[in-house]
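Engineer: Turn this into a model:
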Amino acid sequence: MSAVPERLDDKPSFDIVATVRSFEASEFDPGKFDHEAHVRIAWCYLQQYPPALAIARFTAALRTLTQRIGMPQKYHETLSWFFMIVIADRCAQSPTKGWDRFREDNSDLFNDATLLLKQHYSAACLGSTRARERFVLPDLAPSGMRGTISPEQSPGNNA
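Structural biologist: Numbers count the residues shown, from 1 in each chain. The predicted structure follows:
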């Protein structure tokens, strides 16, 4: 029997290390691996590893899972990295919070993740083979980040 509950929310508390280990062993029922489960597993990795290592391990395990179930086309590198980076940033802002509090404070990751994506990526970008196969930086700037530096404004340009 796997250490991972049938649905990740079946238990009020869970063993983060066992959850990551089970995910890496592909001991998940893919039919029950919904968006919230993705976020929770990502959160578990980020509780256990520094962000760069968490991203590397999570994406490798997710890619293995999609291959195991015969659906490698379901894996999307940019989506995986984007959400891992967002979750890592949110965890860094409130490092002592447990899963339940994290979920409560970050409802946008669960209720309207598509809206969050649309603030950073165009449909054309996310739909591209390039974005599916490797991480692509956002092609849209969220509000408040639209400023750019023109070549004549860049540091070191005395023109």
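Engineer: Show me the shaky parts of this protein.
Structural biologist: 1-13, 142-159 (pLDDT under 70).
Engineer: and if we set it to 90?
Structural biologist: Along the chain, the parts satisfying pLDDT under 90 run over 1-15, 26-34, 69, 93-98, 112, 141-159.
Engineer: what are the ranges of the helices in it?
Structural biologist: Assigned by DSSP state H, the chain shows helices spanning 16-24, 35-48, 51-68, 77-93, 99-105, 108-111, 113-118, 123-126, 129-133.
Engineer: Against which helices or strands is the third one packed?
Structural biologist: On a contact count with 3 or more Cβ pairs under 8 Å, 6 or more residues apart in numbering; DSSP states H and E, helix 51-68 meets helix 16-24, helix 35-48, helix 77-93. Yep, even glycine has a C-beta here, placed from its N, CA and C like the rest.
Engineer: Could you list the buried residues of it?
Structural biologist: For helix 51-68, the neighbour count (16 or more other Cβ atoms under 10 Å) marks Pro51, Ala54, Ile55, Arg57, Phe58, Thr59, Ala61, Leu62, Thr64, Leu65, Thr66 as buried.
Engineer: The first one too?
Structural biologist: Of the residues in helix 16-24, those scored as buried under the neighbour-count criterion (16+ other Cβ under 10 Å) are Ile16, Thr19, Val20, Arg21, Ser22, Phe23, Glu24.
Engineer: will you turn those into a markdown table that also has distance to Thr129?
Structural biologist: Formatted as a markdown table, the buried residues of helix 16-24 follow (distance: Cβ to Cβ, whole Å):
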| residue | distance to Thr129 |
| --- | --- |
| Ile16 | 34 |
| Thr19 | 32 |
| Val20 | 30 |
| Arg21 | 32 |
| Ser22 | 31 |
| Phe23 | 26 |
| Glu24 | 27 |
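Engineer: before we move on, the earlier item: out of the helices and strands packed on helix 51-68, deepest packed?
Structural biologist: helix 35-48 (a mean of 20; mean count of other Cβ atoms under 10 Å).
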